[in-house]
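J.: 3D, please:
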Amino acid sequence: MSEQLTIFWSVSAEQALRNLNTTPDGLMTPEASERLERYGPNLLKSRRRMGSFTLFLSQFKSPIIIILLFAAVLSFFLEDRVTALIIMTIIFISGSLGFWQEKGATDAVEKLLAIVEVKTTVLRGGKQVDIPIDEAVPGDITILTAGDSIPGDCLILESSDLYVDEATLTGETYPVEKEPGVVPADTPLARRKNTLFMGAHVVSRSAKAVIVRTGRETEFGKVSESLKLKAPETEFEHGVKYFGYFLLEVTLMLVVAIFAINVYLNRPVLDSFLFSLALAVGLTPQLLPAIISINLAHGAKRMAQNKVIVKRLAAIENFGSMNVLCSDKTGTLTEGVVRVRGALAIDGNDSEKVFLYSYLNAFYETSFMDPIDEAIRTHKKLDVSAYRKIDEVPYDFIRKRLSVLVEKDDAHLMVTKGALARILDVCSQAELPNGLVVDIHKVDGQIREHFKQFSAEGFRTLGVCCKDVGSTIDITKDSEVGMTFIGFILLYDPPKKGIIETIGRMKDLGVDLKIITGDNALVAASVSKQVGLTNPHIVTGSELNHMSDNALRRRVNHTEVFAEVEPNQKERILFALRKAGNVVGYIGDGINDGPALHASDVGISVDTAADVAKEAADIVLLEKDLSVLSKGVQEGRTTFA
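T.: Residues are numbered from 1 along each chain as shown. Next up is the predicted model:
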């Protein structure tokens, strides 16, 4: 690789395209195929599928099988050929059963995984095509939108207010803003604002970028090569290993005791040894590996019939061991379809002006598909043809606001909506229902009291504000000052039908539900009561920030709802639950759920989830429904039994 490609962030986009011998329209398909052969699949580790002969030999590497082989060889040399033949027959049958079952399971899992294969969009000859992410090659032009995984280390060609989560590489809590440009060659990784890294994912807006490095050549690949950490042992694998050690201890004690008794009774030493050896052979569970494989594969097939795809066979048993399930409320406990309850002025009464301004903000928003904006747009259609959009400051996870600049009759109006607290932060005035504008401090108490009331009723409450910006034709985040608060937008998401009964069944199975949500504590409390959690104990994200790990570990078992939680706090909650002695499942499908899915004993996602969530999950549901999970718990316990 040339020096310019080694430090590609320090060259212009045009130079990078020339160095990679590509164009803004991307590679042609034949050239892409040739590069795939040259550079290999875009994977962090080689995708080697074990051959049939190697797979067959691998059935004989367990300690139990090795002990049996030793016993057979010893019997043969002691001229007890019948015993040797019997032991070898048992070993061969066990290995053959394990081989055929594992081969069938591997084939089945590969077919199932194809359904949830992570893909990326690239330009091939100027046309957008979706390809598996492992087929992306250096020189590909990739088109990225919110929720997409970055397919390689890339140089940005085009973007607008792009935010990317790079926590896996840099440890940054919040998404970082990215933009085209050139930065010095010695710029630290975390400050390369023109570069996208494999392992990160897009949080908002979209981008067009050229892939420069793939696979193990990426920054993420270098990190993974230096670590090469083994996947964490599942609860089931731990249980089987413990059971095996227990059998080994019992067998050794019996063999030693019986050998000693036989010698004490003056039996021939050789005969006593062979008798003890035969006893060890009889006590050894020769078919245990095959039985485990058969049951795991059977469980996976039965769960596939229930629209549950098992990515890791051992995760089935984790369902059986699971006693805590952590879930967001939206889409899992609720319908997942946001609806507008109303647009209200400061006095709590309906306001057409508040809805008009909210509609303008949602109608002209282009950063990414937001269910809140969709709910506003579909609640009631308004004719806004008299307005023309001029500029926009998209939503991000730091400001928690979205602003648009519109023009009507030569007047330029900036409209902002977002989390109520963040809206009040930028407001210096408030407009009363009669049109009178007053200082925000005179009505601040009234606004917050309404917010508490709406939240206690289960409504998610946003604030709306505006400002006349004169002749200004562009706005930035710094423009969000000195604004006028005009009212509230109330949103709700009704509980799923039958969710109370489903949670009851999970409770009967010994699985406690923990709700982890970013919504405020009052909304979370209302929804939790609607789904059957009476008098839930609630811990907020701000409380978590002031709580030590030991204190959190003592409280997690007695807390049903975690509200106002930041994405980075989910992982901490799950670790605390596990340290408190629980087997924890986590169901998530959002952009920020990847670390939490990794941190849980069994990560659960859905086929419509963001790429990062599907990658991190052990189980992928074809329907986002807790009733499917209750069947999964039963299936896991049946398989284990």
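J.: CA only for contacts and neighbour counts going forward, please
T.: Fine.
J.: Any figure for the gap between the nearest residue to A32 once chain neighbours are set aside and A13?
T.: Spatial nearest neighbour of A32, excluding adjacent residues (Cα to Cα, 6 or more residues apart in numbering): V137 at 6.8 Å. Taking Cα to Cα, to the nearest Å as the measure, V137 falls 17 Å from A13.
J.: contact partners of stretch 615-628?
T.: Outside stretch 615-628, the residues that touch it by Cα atoms under 8 Å, 6 or more residues apart in numbering are 116, 118, 306-312, 315, 331-333, 499, 502-503, 594-595, 597-598, 602-608, 614.
J.: Report the buried residues of it.
T.: For stretch 615-628, burial by neighbour count (16 or more other Cα atoms under 10 Å) applies to 615-622, 624-628.
J.: Does the residue lying farthest from the centre of the chain fall in a helix, a strand, or a coil region?
T.: Ranking residues of the chain by C-alpha distance from their mean position (Cα atoms, centre = their mean) puts N266 at the top, at 66.2 Å. At N266, secondary structure determined by DSSP: H, G, I helix; E, B strand; the rest coil is coil.
J.: Following the chain past the helix or strand harbouring I489, name the next helix or strand.
T.: Here I489, judged by DSSP states H and E, is contained in strand 483-492. Using DSSP H and E, the helix or strand that directly follows strand 483-492 along the chain is helix 499-508.
J.: helix or strand right after that following helix?
T.: On the C-terminal side of helix 499-508, the closest following helix or strand by DSSP H and E is strand 512-516.
J.: which residues of the stretch 451-600 of the chain fall in helices?
T.: 499-508, 521-530, 541-545, 549-555, 567-579, 594-599 (DSSP state H, counting those that start in this stretch).
J.: Columns mean pLDDT on top of those helices, output as CSV?
T.: Converted to CSV, the helices of the stretch 451-600 of the chain look like this (pLDDT from 0 to 100):
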stretch, mean pLDDT
helix 499-508, 87
helix 521-530, 86
helix 541-545, 89
helix 549-555, 92
helix 567-579, 88
helix 594-599, 78
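J.: Ok, which of the ones you listed comes nearest L44?
T.: Closest of these to L44 is helix 594-599, at 17.2 Å (criterion: Cα to Cα).
J.: That closest one: how far from the chain's middle?
T.: Relative to its chain's centre, helix 594-599 lies at 6 Å (Cα atoms, centre = their mean, to the nearest Å).
J.: Tell me which strands the next helix or strand after it pairs with, and in which orientation.
T.: Downstream of helix 594-599, the first helix or strand assigned by DSSP H and E is strand 602-606. Counting by DSSP bridges, the strands paired with strand 602-606 are strand 584-587 (parallel), strand 619-621 (parallel).
J.: What is the distance between the longest one and the centre of its chain?
T.: Translated: strand 584-587. That offset, for strand 584-587, works out to 11 Å (Cα atoms, centre = their mean).
J.: now do stretch 142-151
T.: How far stretch 142-151 lies from its chain's middle: 15 Å, per Cα atoms, centre = their mean.
J.: Quick one: end-to-end length of it, please.
T.: Taking Cα to Cα, stretch 142-151 runs 8 Å from one end to the other.
J.: With stretch 425-444 instead?
T.: This stretch, stretch 425-444, spans 11 Å end to end (Cα to Cα).
J.: In the buried residues of stretch 615-628, find the pair that's most separated.
T.: Pairwise distances across the buried residues of stretch 615-628 peak at 23.0 Å for E615 and S627 (criterion: Cα to Cα).
J.: For the stretch 251-400 of the chain, which segments are assigned as helices?
T.: For the stretch 251-400 of the chain, the helices defined by DSSP H, counting those that start in this stretch occupy 269-283, 288-305, 315-321, 352-363, 371-379.
J.: so what does the shortest one touch, helix or strand wise?
T.: Helices and strands in packing contact with helix 315-321 are listed as helix 235-264, helix 288-305, strand 602-606, helix 626-640; criterion 3 or more Cα pairs under 8 Å, 6 or more residues apart in numbering; DSSP states H and E.
J.: okay, these, which one's buried deepest?
T.: strand 602-606 (a mean of 28; mean count of other Cα atoms under 10 Å).
J.: quick check: angle from it to helix 235-264?
T.: In terms of direction (axes from the mean of the first three to the mean of the last three Cα atoms, to 10 degrees), strand 602-606 departs from helix 235-264 by 150 degrees.
J.: Can I get strand 602-606 in PDB, CA atoms only?
T.: This file holds the C-alpha atoms of strand 602-606, laid out as PDB (Å, rounded to 0.1, in the frame of the first residue of the first chain):
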ATOM      1  CA  VAL A 602     -28.000 -13.700  25.500                       C
ATOM      2  CA  GLY A 603     -28.500 -10.900  23.100                       C
ATOM      3  CA  ILE A 604     -31.800 -10.700  21.200                       C
ATOM      4  CA  SER A 605     -32.600  -8.600  18.200                       C
ATOM      5  CA  VAL A 606     -35.100  -8.600  15.300                       C
END
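J.: Pull the residues that contact it.
T.: 315, 318-319, 584-589, 596-597, 613-614, 616-624.
J.: ok so, going back, between the helices of the stretch 251-400 of the chain, which one is closest to E480.
T.: Nearest to E480 among the helices of the stretch 251-400 of the chain is helix 352-363; the distance by Cα to Cα comes to 14.2 Å.
J.: Okay, buried residues for that closest one please.
T.: Of all the residues in helix 352-363, those buried under the rule 16+ other Cα under 10 Å are V354, F355, L356, Y357, S358, Y359, L360, N361, A362, F363.
J.: Mind checking the helices of the stretch 451-600 of the chain for the one nearest to V256?
T.: When these are compared for distance to V256 using Cα to Cα, the nearest one is helix 567-579, at 38.5 Å.
J.: is K467 in a bridge, and if so with what?
T.: Using DSSP bridges, the bridge partners assigned to K467 are M414.
J.: That one and T461: what is the separation?
T.: 21 Å.
J.: Could you check which of those two has the larger neighbour count?
T.: Shown here are K467 and T461; by other Cα atoms under 10 Å, T461 has more neighbours (25 against 19).
J.: and the more buried one, what is it in contact with?
T.: Counting by Cα under 8 Å, 6+ apart, T461 makes contact with A419, L420, F451, F454, S455, F488, I489, L490, L491.
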